[in-house]
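**Q** Fold the stuff below for me.
(3 chains)
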Amino acid sequence: MSDFTFTIDEIEIPAKEGQTIMEAADAAGVYIPRLCDHEGLRHQGGCRVCTVKAAGRSVSACTQPAEPGLAVENETPHINKLRRDLVEMLFHEGNHLCPICEASGNCELQAMAYRLDMTEPTRFPYLEPCRPVDASHPDIALDTNRCISCGRCIRASQDVDQKGVFGYVGRGIHRHVAANGPDLAHTDAEITDFAISDEVCPVGCIIRKRVGFVTPIGEREFDKGLIGRKISEKRNA
Amino acid sequence: MTAGETAGAPASGYQDQVAQICDSYDNDPHRMLDILRDVQDRFRWIARETMQTVAEKTGLTQIAVEGVASFYAFLSLAPKGRITIRLCDDIVDQFAGLPEVTESFEKALGIGIGETTSDGGFSLEYTPCIGMCDQAPAAMINDVIVTNLTPEKTRALVAALKSGKRPEDLISPDFDDLTPHQRAVTMVENNIRHAGAVLLGPAAPDAGLKNALDLTPSRIIKELEDSGLRGCGGAGFPTGRKWRFAAETEAERRFVICNADEGEPGTFKDRVLLTERPHLLIEGMTIAARAVGAREGLLYLRGEYIYLRDLLEEVLADRRARGLLGDGIMGVDGFDFDIRLQLGAGAYICGEEGALISSCEGLPGEPKTRPPFPVTRGYLGFPTVVNNVETLCHAARILDRGSKWFFDMGTEGSHGTKLFSVSGDCLNPGIYELPYGLSLKELLEMAGGEDAAAVLVGGPSGAMIARDTFDRKLTFDDLATGGAITVFSKDRNVLEIVEYYMSFFVHESCGYCTPCRVGNVLLQKAVAKFREGLANPEDIAYLKDLSGTIIETSRCGLGMTSPNPILSTLENFPLVYSAMAKPSKDRIRDTFDIQSAIDGARKLAKRRSYVFDRDFSQ
Amino acid sequence: MPDSQDAPAADLPKARIATASLAGCFGCHMAILDIDERLIDLMALVEFDRSPLTDIKKFTKRCDIGIIEGGCCNEENVHVLQDFRENCDILIGLGQCAIMGGLPAMRNAIMHSDEPLRECLEEAYITGRYIRNKTHNIPNDPALPLLLDKVYACSEVVEMDYQIPGCAPTGDVIFETLSKLLTGKFRGFERETIKFD
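**A** Model (predicted):
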């Protein structure tokens, strides 16, 4: 049972004490775009794609507690423009070459770009960082060119796998996800880790070897429809 | 020193020394910053092997240790020289002759910025504002500060160091015999130009604390609320209200933290208070502890102010000895409070209260998710009051003289006095304590900076003001400021100033959130385009638009204010931008330079271009 | 399939179109052919000038629309692109390579040394593990255009008016976009049709 209600884009949302705006929205079948947040993992509030206006203030929906009577704006043209800028920044920060990426079609970054009408990632300059590929592990490869620093693998490894295979190092534009050792082969990462599973990495950075390109074009997750449709369908059902 | 003498790998037996360091902090992962500072001091870098030992001792993963070690600018993952020279590269230092000083250091040492001499003797690097803008150019040489540098002075310094003198010997031949206060004022001038009634004038020692003991905690907070005191770090949150929130939160432990991480470029007021009014500060912290029910306090001192460490430790020891800190303060049973000094290690973001708490907890200095706010869940999850140095000093004086005395100074909404750090193109740079409500013009007249063409009020996260609005008032409601007043004459290039400050924010962004991490890099590149004369008129709208996104979506105050140098100059100095912007000719991008694009291939192929080398066919 | 009301009306004067493939794989030009029989509808509205489809090598007159496949990896690409900018009123980038460099731009991130271009060429022709180049030479015929220091998106070299994403964009998207542009009805892409692969 809900403790109180609030609204998102004028839709009434039931919520429980202590729930974040996004948790309540998910349960009610209202999708708020997000990249660094993932069901079952600690909230981080880093990608800022879930930015909403709550009582007029910009907050990240994944960390902001819902409050009785709060009026939240979610899918307004202005907010979607902010989100498109953020997604575009992520495209420009790394080296995202969709045509050669095995995550294409299943990639949340790409799908978010589609959802936010990002057709021309050319407004910003490409930063083209020089980043390593780590194929040392027998079953897993890391192509950090595609990493968007969402940290989902870090939290999944720490909190679900109880391991700590990944962590952030560095600061500012140099901050990045790194393995707990000189390379991935020297960590206790295993193919069976939740952190390595296909639902944790939203892009094509964590690669499970020998299973790439198994789904034909047309049948991949986001060939079937926009990102977030599974949450929205709950409400329509 | 024997360990770490050879660059490349720690000397044998390092594990024992590292383990010893960890033991001295009870292997507490929350003391990671202290542990790594000590490792850095001992070995002059933090090698992967040492991180492994630290990880084992503190029960963390190595990547968690590396996360801390790689975050702070004063910790190094590559070997550093026995003497590390950090030149302050703030724009004020640059205009005061830093380029010549840098060249002189480079020549004398035979290395460039970012390099270490092959014998491991010296490292030379740039660091952002070290809080010495009133005596620029300045530098840190290990833990010692040198100011008012010139090429001649630089050559003499390097010669002395090369002859085997310690950095301390550069300050005084009798350095070891000086008291900590003497050492500090020999290194760094206070430059107090105007003492006001509250902070820099005469004050009875611990009178505020004595009065506080006669009041209930709630009455103490009421005094502060009535005084109208607002935080002096820049944000201006009412101090009494902050204390009340912390006092009212049920908890087993509560903390008082003093934010002495004065990092806003152009600010140096806390440096002067820490040097000249350390007792008043600790008195203020003790009153805060009494008011909110805290038994533990931390004084977070920025790494750049390490030269004040001995002075502050001496003050703490003295107060403990006199029963002003520790158990049963001033003989009051149950009034127990003590303070630990926490040194930072080169990170502007740690001035943000959440990031400061993270840093105190031994984590990378990343701001915390709000809510919860520190007053309800701060340091180690307990209610925590974080106040600026100046705020805490004010609090002690308010308890001494009463809220009405303080309230009656200043203007409505901005009560009491404020310390202004004035630097740049003016005759009398230094500290001015003045009541709120003064106009910028009046302050400039006092400082001999009337001829200014532009004044940056509140540092780069504040606003750049042009001559036509110098009559604006220095209050929370008009020109709100943490106190930095940076004066620029008509000879200075506004775009150069803006580009420097954007590179500062790029350097100091923690990288946690996308807009601040990536957006500031994009802003810096866009400003650079203007400076190079390669911008289009549309780029003005682009700057505003991108700034807007960064401000609206950033996670903490850094990103919410980092576009201010651009936005305030676009507003107040629009011609500077429009003069540098021109439409592309025939819709061909000026930013694309075919000659530099084919230059590499021309050399590799050893032939010229049929298309773009015009003289080819001649 | 596009709605029939989106189909171009036949009473407008014919638009002149030019096309070029720069650093691309010609896949986007193949995709233009995927318009299939609707090409006949389209041809009622346009005539092709300089294009690999017509084998016309130089502009015969000013064009209304230039369609560019591929980014710029060498001096010739830059020259052609600038020529197109000069001779076309509207320039359209077709496909990911034109928009952001695409596959050829993979080399942009492989810059480990001071001479990344040399490094790339040596890897490609001499030292690469799968190379069977018995001459051990990097091709350097005078007819070969000089390579650029990196691969540039078209919009980094000239101003582009529209860009059609995809690798390659489908015939449907190309047809629909061109039809709408020609009749002044283009208002952006349908979400469901945006693809980067």
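**Q** Dihedrals phi and psi, the residue sitting nearest the centre point of chain C?
**A** A centroid search over chain C (CA atoms, centre = their mean) returns C:E69, at 0.7 Å, as the residue closest to the centre. Main-chain dihedrals, C:E69, degrees, to the nearest 10: phi -100, psi 140.
**Q** how much space is there between the residue lying closest to B:G326 once chain neighbours are set aside and C:E122?
**A** Excluding the flanking residues, the one nearest B:G326 by CB to CB, 6 or more residues apart in numbering or on different chains is B:R320, at 4.9 Å. C-betas here are computed from N, CA, C, even on glycine. Computed as CB to CB, to the nearest Å, the B:R320 to C:E122 distance reads 68 Å.
**Q** same check, this time on B:P565
**A** B:P565 is 44 Å from C:E122, where distance means CB to CB.
**Q** hang on, the earlier thing: correct me, but the residue nearest to the centre of chain C touches C:F26?
**A** Yes: using CB atoms under 8 Å, C:E69 is in contact with C:F26, at 7.2 Å.
**Q** contact partners of the helix or strand encompassing B:S218?
**A** Counting by DSSP states H and E, the element that carries B:S218 is helix B:217-227. Residues outside helix B:217-227 that contact it (CB atoms under 8 Å, 6 or more residues apart in numbering or on different chains) are B:212, B:215, B:238-241, B:243-244, B:247, B:287, B:290-293, B:395, B:398-399, B:402-404, B:406-407, B:415-416.
**Q** Just to be sure, which of these are found in strands?
**A** When DSSP state E defines the strands, the subset of those inside them is B:H415.
**Q** Which helix or strand contains the residue positioned nearest the centre of chain A?
**A** Taking CA atoms, centre = their mean, the centroid of chain A lies closest to A:L35, which sits 2.0 Å from it. Using DSSP H and E, A:L35 falls within no helix or strand.
**Q** pretty sure it contacts A:C150?
**A** Yes: A:L35 is within contact range of A:C150, at 5.5 Å (criterion: CB under 8 Å).
**Q** what residues are shared contacts of those two?
**A** Shared contacts of A:L35 and A:C150, defined by CB under 8 Å, 6+ apart, are found at A:47, A:202.
**Q** circling back to that earlier point, tell me the confidence at the residue nearest to the centre of chain A?
**A** In this model, A:L35 is scored at 98, pLDDT.
**Q** In space, what's closest to it - neighbours in sequence excluded?
**A** In space, and not counting its chain neighbours, A:L35 is closest to A:C47: 4.2 Å by CB to CB, 6+ apart.
**Q** Tell me who's in contact with C:G70.
**A** Per CB under 8 Å, 6+ apart, neighbours of C:G70: C:21-25, C:28, C:77, C:95, C:97-98, C:102, C:104.
**Q** which of these are close to chain A?
**A** Applying CB under 8 Å from any CB of the partner chain, the subset of these adjacent to chain A comprises C:G102.
**Q** Out of the contacts of C:G70, which end up buried?
**A** Buried by 16 or more other CB atoms under 10 Å in any protein chain shown: C:21-25, C:28, C:77, C:95, C:97-98, C:102, C:104, out of these.
**Q** give me the residue from the stretch 151-300 of chain B nearest chain C.
**A** Residue nearest to chain C within the stretch 151-300 of chain B: B:V158 (29.9 Å; CB to the nearest CB).
**Q** Contact partners for that residue?
**A** The contact partners of B:V158, taken as CB under 8 Å, 6+ apart, are B:105, B:108-109.
**Q** Excluding covalently adjacent residues, which one is nearest to the residue in the stretch 451-600 of chain B that chain A sits nearest to?
**A** Across the stretch 451-600 of chain B, the shortest distance to chain A (CB to the nearest CB) belongs to B:G511, at 3.1 Å. Closest residue in space to B:G511, ignoring its immediate chain neighbours: A:R175 at 3.1 Å, by CB to CB, 6+ apart.
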